[in-house]
Each structure stands twice: as C-alpha cells, then as structure tokens.
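Asker: Sharing a model that was predicted from the sequence below.
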Amino acid sequence: MKSLMLLTLRGVVRDRVLHGILATSLLFVIIPTISSFSMRQVTELSITLSLSLISFLLLVLAVFLGGTSIWKDIERRYTFSVLGLPIRRGDYLFGKFFGIAAFMVICAFILLLAAGGVIWYSSGIYPSDRPVVWEYIVLAVAMDCMKYILLVAISFALSSLSTSFFLPVFGTISLYFVGGATQEAYDFIHTATGQSLPALTRKIASALYYVLPNLSAFDFKVNAIYGVPVKGYPLLLTIGYGVVYVMILMAVSSLIFSRREMK
C-alpha cells in the first residue's frame, strides 16, 4: 500500500497538478490590494480572501483528482497491470486514496505559507485593533483540508460504482453543496416554522442529516478571521466525525470495488 501511495503521489506531481496550483496561488499577490479597499477591516478581509482562495483550490483538487483518478487508471489500463500483481483491490484503492490525501496536505501547507505571508504583510501595513491569531488560521486551513479529504473519499465511493468520470465528478460537486447545507436544513426543521412542515418531511430531512456529510462542521473561518475562541470538545468531535466518515466511505468503496467486474 505504501508503494502505491508513493506512486500515486509521484503521478500527481508528474501530471503538473502542483505546478498549476502554484501558478494559481499567484492570486495571493493581489489580495493586499483588494483588502486595502476596506478602510477599517483590511486584515480581516485579507484573512477572509486568503482562506476562501485556499478553500476553492482544495475543492478543485478534491473533485478532479478524486473523481478522475481511478477512471483515468482504468482508461489507461494501468489498473489491470497493477491488479495483476499479488495485491488486493482494497489495497490498491487505499493506496490511491492516501496518495491523493498526502498531496492535498502538501498543497494545503504550501498555500498556508502563501496566505501567511499575505496576511502578515496586510496586517503590518494596515494594523488592526484585533490581533491576528495565527493558530486559528492554521486550524482553519487544517480543517478545510480534512473536509476536502473527506470529499475525496466520497468521490472514491462514487468511482467504485461508475465506469465513467461523470458520476464521481458531478456527484461529488452535488454532495459538496448538499453537505454544506445539511446543518442549516436540520436547524430549520427544529424551528417553529419548520415544525409546521409535514411529519414525513421532517423525518426524511432528519434521516438525511445523519446520512449525508455535514461539511459545514469543518468551517472554522470565523474563528480565524475574528479570533473567536475554539472549544476543544466540538473540535475533537468534528475531527472524530471526519475520520469515522472517511473510514466508512473507504470500507464501502473497497467492498464495492473488490466485487466490480473489470473489462
């Protein structure tokens, strides 16, 4: 599994995905200029824009690397040569997943360094009354990275079912938007207005809340921007939720992929 992870990591780098991310990260250069238009919250706006750019780039990576990785290997017939070796399909799938996850972590770290430089520069020129809490910025990027690794696991689950890249790519994008709204939907059905909905609708919404990923739980941007303290228990609960959800998804993916017919 370790060799497959390293091969996947090298393959992603060889495809010049990292070069594309580094080129796109040049957008960080214009963030101080854009932030300067906010006369009173320059630092806060630079943090917001930096974290949003990191989130967008990681989303693009998660969707297209996770959604096309297995399909591309099958189309190029790499999968058949690998599975011809004494290796289980589950190990192949986990090796691919950990390789992409490692690449996501590397990219998140590089983007964090770029964002840190931008925020430091902006806060130096336009000092804010509210100090920059660097550990919260690191935490926000780390939790964002975890969220998109979970999204990669979702795309792998869809890839184990599909023979094309349409379902993994567009299914992952759809679940990303749905996962970002599950908490709001759950909170709504427990309000006075939500209680007026039919009982069946509320039960279905509650069931979907527990089945679909709650991606909004990984959003710590407000804490990073305004220095809002992070409580330990919710943070640990979110990390545990992400780890367990990924494990379940990959176990299901491995089971489906091991029984899939290769043509």
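Answerer: Great, that's in hand.
Asker: buried residues in stretch 29-49?
Answerer: Using 16 or more other CB atoms under 10 Å as the test for burial, stretch 29-49 gives 31-32, 35, 41-49. (Glycine included, C-beta is placed from N, CA and C.)
Asker: Those residues in helices, which ones?
Answerer: In this view, those that belong to helices under DSSP state H are 31-32, 35, 42-49.
Asker: Quick check: of the residues you listed, which lies closest to residue 140?
Answerer: Relative to residue 140, the closest of those is residue 47; by CB to CB it sits at 8.8 Å.
Asker: Point out where the stretch 151-263 of the chain drops to low pLDDT.
Answerer: Of all residues in the stretch 151-263 of the chain, those with pLDDT under 70 make up the ranges 163, 260-263.
Asker: hmm, 90 instead?
Answerer: By pLDDT under 90, the low-scoring segments of the stretch 151-263 of the chain are 156-169, 171, 179-212, 225-234, 252-263.
Asker: can you pull out the helices in it?
Answerer: Taking DSSP state H, counting those that start in this stretch as the criterion, the stretch 151-263 of the chain contains helices spanning 166-179, 182-189, 199-211, 221-226, 232-258.
Asker: wait, which of the ones you listed is closest to residue 71?
Answerer: In this view, those are compared for proximity to residue 71 by CB to CB, and helix 166-179 is the closest at 6.8 Å.
Asker: Now do the buried residues in the closest one.
Answerer: Buried residues in helix 166-179, counting neighbours by 16+ other CB under 10 Å, are found at 167-169, 171-173, 175-176, 179.
Asker: Counting neighbours, which bits of stretch 111-131 end up buried?
Answerer: For stretch 111-131, burial by neighbour count (16+ other CB under 10 Å) applies to 111-112, 114-116, 118-119, 121-123, 126.
Asker: follow-up on the earlier one: taking the buried residues of helix 166-179 together, which two end up most distant?
Answerer: Of all pairs drawn from those, the widest gap by CB to CB lies between 167 and 179 and measures 16.7 Å.
Asker: nearest residue to residue 133 other than its sequence neighbours?
Answerer: residue 227 (4.4 Å; CB to CB, 6 or more residues apart in numbering).
Asker: Neighbours of residue 110, how many?
Answerer: Residue 110 is flanked by 16 other residues according to other CB atoms under 10 Å.
Asker: dump the residue contacts of it.
Answerer: 21-22, 25 (CB atoms under 8 Å, 6 or more residues apart in numbering).
Asker: Output these in CSV, with secondary structure appended to each entry.
Answerer: Listed next are these as CSV, based on DSSP: H, G, I helix; E, B strand; the rest coil:
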residue, secondary structure
21, helix
22, helix
25, helix
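Asker: Check the residues you listed for the minimum pLDDT and say which it is.
Answerer: Per-residue confidence across the contacts of residue 110 is lowest for residue 22, with 71 (pLDDT).
Asker: Tally up the residues packed near it, please.
Answerer: When neighbours are counted by other CB under 10 Å, residue 22 registers 14.
Asker: now it, nearest residue through space, not along the chain?
Answerer: Take residue 22 and drop its neighbours on the chain: the residue closest to it by CB to CB, 6+ apart is residue 110, 7.1 Å away.
Asker: again with residue 41
Answerer: Nearest-residue entry for residue 41: residue 128, 7.2 Å, with adjacent residues in sequence omitted and distances by CB to CB, 6+ apart.
Asker: Fine by me, thanks again.
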